[in-house]
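[1] Just a sequence and a predicted model for now, questions to come.
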Amino acid sequence: MFPSVAQVLELEALRRGNPRVVAGGSGLGHPVRWVHISELADIAGMLHGGELVLTTGVMLPADKESLARYIADLAGVGAAGLVVELGRRYADELPRPLVRAAERHGLPLVALRAEVRFVAVTEAVHEHVVNAQLAELRASESVHQIFNELSVEGAEPAEVVREVARLAGGPVVLENLSHQVLAFDPAGRDAGGLLDGWERRSRAVDPAGRTGWDDRAGWLVTAVGARGQDWGRLIVVTGADGAPPQRLTVLVERGAATLALNRLLARDRESLERQTHRTLLSGILTHALTVSDVAVRARALGVPLEGRRLVGVVLRPHGTGSSAALEAQARLRDFTETAALAARERGLAALIGTLDDGGVGLLVSLGASDDEHAALEGFAAALERLTAGGPRPDAGRAAFLMAAGFSVGSLRDARRTLLEAAQVADAASHAGGPKTGTYYRLPDVRLRGLLHLLRDDARLQTYVERELGSLLAYDADNDADLVGVLRTYLACGRNKSAAADAAHLSRPSFYDRLHRVERVLGTDLDQVESCLSLHVALLALEAVRG
């Protein structure tokens, strides 16, 4: 906001005096807050810091000790510099003790070799300062307006970060307290270079206070949180050597405040970590993100995916489908966080997020020496323990269904294992118990599962109508349940006596209904192949009806 000494020397009012820097060139970057004209030798006590002192030197002492003390006092109060006009006290050059002291303290000492109107200098500098302050005020008002709108709209963290990056003109990263990247915007630069080794680099940056500048990293960092509970940091990566301008500090603090406010207003939504994980999983399934993008972002989250074995997993908690929409969403959100906790307990690296209204997806990352089955079993056991206190639809039944795809060795194939896990999960509720332990895999879903996967296929629906259509029509016209009789007969292994008992009917009555089934269908139930075809049709009918 304030001009530097070097910028002041470029003003026309001073250039007329043919200025020459004779000492303290290293301090030309000092900001000039004000210009003060004085001939007093003890002026330092009247200054507050940041002033550029103009003098002709007529009242300065003659001895070298007093001149050195004069410079030391100015440097001690933080004066921006000293400008001395030659001609009245000093003809051609400034005293050497004055020059040596200024150089020693890094205080810019400027000699004016032509006469200037000091009042013109003060007017020019003050106008520059006021205009800069006005521009800063307008910029600050614009920033506040932008972020107020983002707060009102309930903008997602990625939107807020993107806006901060646009206004800052540089990369911006939002991280959690574990230094994992939740959102970022590279501002047109290489994302890989920005996020490579992020956790290690971020841990090395720990400025004092809520907002601080790290000169080594070139990072401006501010804490994100509210009500005394910080949950992350917002970082502007400037890469500059000097401290950032005040406007950048205002910008990053306003962005952090917006993020904190939106999180307070969205307590009923999933956490930022889960949002970020969900975005990556969705990007894999929809091809919205490239493989390299997913790899870079996942690595910044602490989930390495390159050079690892990847296993897609889908979890479906029981009971959410029967709840009201908002209640079901809340339960699914809580279940997702519980799944993430179970993964952390087992030391399992995975992307974890919701896939749809009733399912949670995981992309588990395993090392070369990790036992895949043991890892999945351990995770399932931890999740079962953590959900043990929740509501159970059926006594003795697990609180969730877990399905896994077969592992793949490349991130490019991650979509395949996730889709396979989703298909197995869809089919598993219609299959028997899993053979692999606490979770299902493709071999476990068997015929019921296969038919469930094919339930929307017109050819399967045609098959059901061809095999059972006449019987279904008879039941509808006569308010009967011959389909139920056939199902019971086949479920009992074609044992008529056992089927009659299972149907709670007398044997003659049950046998009579079986004969009626044969007449309606025009088939012989003593033929194995006919019964097999009808059994498949009944299973397909269940799948089609859902």
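    Good, I have the coordinates. Numbers count the residues shown, from 1 in each chain.
[2] Wasn't residue 183 part of a strand?
    Yes: looking at residue 183 with DSSP: H, G, I helix; E, B strand; the rest coil, it is inside a strand.
[3] and it, what is it in contact with?
    157-158, 160-161, 173-174, 272, 276 (Cβ atoms under 8 Å, 6 or more residues apart in numbering). For every residue, glycine as well, the C-beta is placed using N, CA and C.
[4] what bridges to it?
    residue 174 (DSSP bridges).
[5] Run a quick neighbour tally on the closest residue to residue 159 other than its chain neighbours.
    Sequence neighbours aside, residue 150 is the residue nearest to residue 159 in space, at 6.6 Å (criterion: Cβ to Cβ, 6 or more residues apart in numbering). Residues within reach of residue 150, counting by other Cβ atoms under 10 Å, total 21.
[6] What of residue 415?
    Residue 415 has 18 neighbouring residues, counting by other Cβ under 10 Å.
[7] Show me which residues of the host helix or strand of it are buried.
    With secondary structure defined by DSSP states H and E, residue 415 is part of helix 414-428. Using 16 or more other Cβ atoms under 10 Å as the test for burial, helix 414-428 gives 414-415, 417-418, 420-428.
[8] try stretch 163-171
    Quick answer for stretch 163-171 (16+ other Cβ under 10 Å): 163-165, 167-168, 170-171.
[9] Ramachandran angles for residue 112?
    phi -100, psi 120 (degrees, to the nearest 10).
[10] How about the one 4 residues further on?
    Dihedral pair for residue 116: phi -130, psi 160, per degrees, to the nearest 10.
[11] Report the separation between it and residue 122.
    Per Cβ to Cβ, to the nearest Å, residue 116 is found 11 Å from residue 122.
[12] List the residues that contact the residue nearest the centre of the chain.
    What sits nearest the mean C-alpha location of the chain, by Cα atoms, centre = their mean, is residue 182, with 2.5 Å. Going by Cβ under 8 Å, 6+ apart, residue 182 touches 157, 174-176, 232, 272-273, 275-276, 301.
[13] Which of the residues you listed lies at the shortest distance from residue 515?
    In terms of Cβ to Cβ, no member of those lies closer to residue 515 than residue 275, at 61.8 Å.
[14] Helix or strand for the closest one, just tell me which one.
    Taking DSSP H and E as the definition, residue 275 sits inside helix 272-286.
[15] now the very next helix or strand once past that helix: how far from the chain's centre is it?
    Using DSSP H and E, the helix or strand that follows helix 272-286 towards the C-terminus is helix 291-300. How far helix 291-300 lies from its chain's middle: 12 Å, per Cα atoms, centre = their mean, to the nearest Å.
[16] who's in contact with helix 291-300?
    Under Cβ under 8 Å, 6+ apart, the answer for helix 291-300 is 180-181, 184, 191-192, 195-196, 198-199, 276, 280, 283-284, 289, 304-306, 351, 411-412, 414.
[17] mind saving the C-alpha coords of that helix as CSV?
    Provided in CSV are the C-alpha atoms of helix 291-300 (Å, rounded to 0.1, in the frame of the first residue of the first chain):
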residue,chain,number,x,y,z
VAL,A,291,-5.4,-40.8,-14.2
SER,A,292,-2.6,-38.3,-13.4
ASP,A,293,-5.0,-35.9,-11.8
VAL,A,294,-6.4,-38.6,-9.6
ALA,A,295,-2.9,-39.8,-8.6
VAL,A,296,-1.7,-36.4,-7.7
ARG,A,297,-4.8,-35.4,-5.7
ALA,A,298,-5.0,-38.8,-3.9
ARG,A,299,-1.3,-38.6,-3.0
ALA,A,300,-1.8,-35.2,-1.5
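[18] For that helix, buried residues please.
    The neighbour-count check on helix 291-300 (16+ other Cβ under 10 Å) flags 291, 294-300 as buried.
[19] Same list (the contacts of residue 183) but as CSV, adding distance to residue 359 and neighbour count.
    Shown next, in CSV, are these (distance: Cβ to Cβ, whole Å; neighbours: other Cβ atoms under 10 Å):
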residue, distance to residue 359, neighbour count
157, 24, 22
158, 23, 17
160, 29, 26
161, 28, 23
173, 30, 27
174, 27, 24
272, 21, 23
276, 18, 26
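[20] Of these, which is the nearest to residue 81?
    Checking these one by one against residue 81 (Cβ to Cβ), the nearest turns out to be residue 173, at 37.6 Å.
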